[in-house]
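# Pasted the sequence and its predicted model underneath.
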Amino acid sequence: MNTVNWTQVVVGIFQSVLSGVFVGLVIYWLDERRAKRERRLSDYRIASDWEKAKLKASLRNFDLTKANLSGYNFVKANLEGAMMKESEILGTNFNQANLRHSDFRKSRIVSADFIKAMAYKADFSGATITASLSSKSPSDFTRSVLKQAKFIKTYVANANFSGADLKGADFSGTTVMGCDFSDSDLTDSIWKNVGHVENCIWKDAAGISQENFPPDLWKEIQRQNVN
């Protein structure tokens with residue numbers, strides 16, 4: 001009668017269990033990826049038809065990552081918490097849209113309109129915000145609410161922030177060129193570690209504090225606001 005090798009039995013059971021767990025995790029991961037892909041496609045289809053739809057669906061928390069949203073009209077749309085990172089946003093209209101907590105990280109934003117948009121805590125970090133080379137129309141944030149928005153390491157050129165609420169907005173590491181901040185509210189905004197600022201308009205900007213700006217930029221702001 002053969003003696004049972006319990007060590008081999010235990011090892012075999014352990015390997016079987018481990019193999020089963022691994023297979024289960026792989027299947028779960030694949031299912032999650034498929035579900036995420038299907039949801040993203042569904043969200044994109046609804047967003048694509050949003051302008052034409054008679055009943056305007058809420059686009060809240062939609063996943064539009066890496067989507068081409070160029071030319072879309074989202075006037076007064078509810079895009080709160082929407083993921084639009086790494087997307088193409090050329091000539092897109094977000095006028096008066098709800099963009100609270102929306103994610104535009106690493107997106108390419110060209111001549112987009114954000115006039116009077118509610119973009120509280122929106123994240124534009126790593127994005128490129130520019131004007132169209134052909135029309136030279138700037139990305140327009142006029143009178144938008146950008147309180148505590150993030151523009152960390154963003155490239156912003158020829159954008160219009162006139163009259164915008166930028167309280168607590170973070171511009172750390174950002175390149176800002178040819179932008180208009182006239183009549184904007186910069187209370188508690190973070191500029192101390194801004195990357196580079198050139199040829200911007202600061203006329204009648206409110207909430208300016210010397211502690212929040214590097215010396216050279218502070219001097220330029222003061223120069224433009226001498227009565």
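That came through fine.

# Lowest mean pLDDT among the helices and strands of the chain, which one is it?
Between all helices and strands in the chain, the lowest mean by mean pLDDT, DSSP states H and E belongs to helix 6-48, at a mean of 71.

# which strands and helices sit next to the helix or strand following it?
Once the chain leaves helix 6-48, the next helix or strand it forms, by DSSP states H and E, is strand 88-90. Applying 3 or more Cβ pairs under 8 Å, 6 or more residues apart in numbering; DSSP states H and E, we find strand 88-90 packed against strand 108-110. Any C-beta I mention is one placed from the backbone N, CA and C, and that applies to glycine too.

# Domain-wise, how is the chain divided?
As assigned by automatic domain parsing, the chain contains the domains 7-48, 55-227.

# Now for the residue nearest the centre of the chain: which residues touch it?
Nearest residue to the geometric centre of the chain (Cα atoms, centre = their mean): residue 104, 2.0 Å. Residue 104 makes contacts with 84-85, 87, 89, 122-124, 127, as judged by Cβ atoms under 8 Å, 6 or more residues apart in numbering.

# Chain neighbours aside, what residue packs nearest to it?
Once flanking residues are discounted, residue 104 sits nearest to residue 124: 4.8 Å by Cβ to Cβ, 6 or more residues apart in numbering.

# if I look at that neighbour, how far off is residue 144?
12 Å (Cβ to Cβ, to the nearest Å).

# and what of residue 196?
23 Å.

# who's more crowded, these two?
residue 144 (29 against 11; other Cβ atoms under 10 Å).

# didn't that one look like it was pressed against residue 159?
No: with contact taken as Cβ atoms under 8 Å, residue 144 and residue 159 are classed as non-touching, separated by 10.7 Å.

# Quick one, which of the contacts of residue 104 are buried?
Buried subset of the contacts of residue 104 (neighbour count, 16 or more other Cβ atoms under 10 Å): 84-85, 87, 89, 122-124, 127.
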